[in-house]
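Undergrad: Dropping a prediction and its sequence here:
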Amino acid sequence: MKLRYNFSDILSAIFCLRCVKVNAIYNKPQKTLGERSATFITLLQENGWNIFDVPKAASLLKLHGKEAAGFVDRLIERGLVTRLKGGLYQLVPFELGRESTYVGDPFIIMAELAASCMKEPEKYFISHGSAMELHQMVTQPQFKVFATVPKFLRSRNIHGTEFRFVTCKPDHFFGFEKDWRTKTKSILVSDIERTVLDGMKQPDYCGGIGEVAKGLWIKRTAIDIPKLIEYALKLESGAVYRRLGFLCSFYEIASEDSLKPLKSRLTSTYQLLDPSLPKEGPYTSSWKIQLNISEQELAALRNT
């Protein structure tokens, strides 16, 4: 038996299918503002608190903790707020329409995450590849946010962005400065010298030693060489002595005299220039380095 459809039936079917698809895409909660939520958002913005916790919400609204937590949960349901982690939230800009997940300035978020986990606002600093990005030392986009802290903290993935904490010894918690992200919000970031040394110690967190070498070359005139050497000695890392000494010498960024304190700390052990690459290439006895990146490649990095 043949089935017959007229043209109007076909159009009706197509229209229904499109309606189903549109409803599936836009079936998100409406962003509506009641009097209390409008007042709350205004107070947050006046205080510069786009990121906040329940105690801050309670203080602004003059509510008990449980009441404030319930209020924040309702804001999340309406797409006005997104959860960064348990107890820490961020306003979603109203102009994003129905969008309910949002990551603002990742460096500010990292600062807030670190401060909330450490219970101390200044026990972190943005570091490694993220600090290189802030200091304009990279030529490639960074897809992870790094911060150094003096105790172990679990890394987090928030709406597709990875926030990774790097643990350092308490004695190695130095070499950072303020960076103002907005008129009212500053973060802590490793200074240029510490950023270079973190790259020498853990190049994997900076995109490899090639990226670190490029950053060193880009900032060669801004680096304080005495401070750089002082920091390196405080870190007490043979890998740092070798990689820093070799690259500073290779690029003629520092004099051989200024590098003598590093050379005096060398042992007879050789280490790879880039620990993420295979163990191959010639040995350089002056800095006890195995060059698993050729000198031609290192020279070419100056032009990229």
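TA: Looks like it arrived, so ask away. What you see is a predicted model, and the numbers here were worked out from it, not measured in a lab. Numbering: from 1, shown residues only.
Undergrad: Confirm for me that F71 is in contact with T39.
TA: No. Applying Cβ atoms under 8 Å as the test, F71 and T39 come out as separate, 11.3 Å apart. Yep, even glycine has a C-beta here, placed from its N, CA and C like the rest.
Undergrad: quick one, which of those two is more surrounded?
TA: Counted by other Cβ atoms under 10 Å, F71 and T39 do not tie: F71 has more neighbours, with 18 against 13.
Undergrad: How about the contacts made by that one?
TA: In this structure, F71 makes contact with 36, 40, 57, 61, 63, judged by Cβ atoms under 8 Å, 6 or more residues apart in numbering.
Undergrad: excluding its backbone neighbours, what's nearest K56?
TA: The spatial neighbour of K56 that comes closest, neighbours along the chain excluded (Cβ to Cβ, 6 or more residues apart in numbering), is W49 at 6.1 Å.
Undergrad: Surely that neighbour is in a strand?
TA: No. Applying DSSP: H, G, I helix; E, B strand; the rest coil, one finds W49 to be coil, outside a strand.
Undergrad: Number of residues surrounding it?
TA: W49: 19 neighbours (other Cβ under 10 Å).
Undergrad: how much space between it and Y89?
TA: 10 Å (Cβ to Cβ, to the nearest Å).
Undergrad: do the same with P170
TA: 31 Å.
Undergrad: Show me which of the two is the more surrounded one.
TA: Y89 (26 against 9).
Undergrad: which residues touch the closest residue to I218 other than its chain neighbours?
TA: Nearest non-adjacent residue to I218, counting by Cβ to Cβ, 6+ apart: M137, 5.4 Å away. The contact partners of M137, by Cβ under 8 Å, 6+ apart, come to 192, 195, 214-215, 218-219.
Undergrad: Check I51 too.
TA: Shown in contact with I51 (Cβ under 8 Å, 6+ apart): 84, 88-91, 104, 108-109, 112.
Undergrad: mind running it again at 7 Å?
TA: By Cβ atoms under 7 Å, 6 or more residues apart in numbering, the residues touching I51 are 88, 90, 108-109, 112.
Undergrad: R220 too?
TA: 251, 253 are the contacts of R220 under Cβ under 7 Å, 6+ apart.
Undergrad: That one belongs to a helix?
TA: No. R220: not assigned to a helix; according to three-state DSSP it is coil.
Undergrad: Give the residue spans of the chain that score low on pLDDT.
TA: Low-confidence segments of the chain, defined by pLDDT under 70: 1-32, 95-102, 121.
Undergrad: What residue spans form the domains of it?
TA: 35-96, 106-303 (automatic domain parsing).
Undergrad: Return the most buried member of those.
TA: domain 106-303 (a mean of 18; mean count of other Cβ atoms under 10 Å).
Undergrad: how distant is it from the center of its chain?
TA: Offset of domain 106-303 from its chain centre (Cα atoms, centre = their mean, to the nearest Å): 14 Å.
Undergrad: again, but for stretch 104-120
TA: That offset, for stretch 104-120, works out to 10 Å (Cα atoms, centre = their mean).
Undergrad: try stretch 293-304
TA: Relative to the chain's own centre, stretch 293-304 is displaced by 27 Å; criterion: Cα atoms, centre = their mean.
Undergrad: quick one: terminal-to-terminal distance for it?
TA: End-to-end distance for stretch 293-304: 16 Å, by Cα to Cα, to the nearest Å.
Undergrad: Give me the contacts around it.
TA: 139, 209-210, 213-214, 217, 250, 273-274, 277.
Undergrad: now with 8 Å?
TA: With Cβ under 8 Å, 6+ apart as the criterion, stretch 293-304 contacts 139, 209-210, 213-214, 217, 247, 250-251, 273-274, 277, 281.
Undergrad: want to throw these into TSV with distance to L235?
TA: Below are the contacts of stretch 293-304 laid out as TSV (distance: Cβ to Cβ, whole Å):
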residue	distance to L235
T139	26
I209	17
G210	21
A213	18
K214	21
W217	21
L247	16
F250	20
Y251	20
L273	18
D274	19
L277	22
G281	25
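Undergrad: In helices, which of those fall?
TA: Among the contacts of stretch 293-304, DSSP state H puts 209-210, 213-214, 217, 247, 250 in helices.
Undergrad: if we take those residues, which one ends up nearest to L44?
TA: K214 (40.2 Å; Cβ to Cβ).
Undergrad: So the nearest residue to that closest one once chain neighbours are set aside versus F146, what's the distance?
TA: Nearest non-adjacent residue to K214, counting by Cβ to Cβ, 6+ apart: L301, 5.0 Å away. Separation of L301 from F146 (Cβ to Cβ): 22 Å.
Undergrad: Alright, calling it a day.
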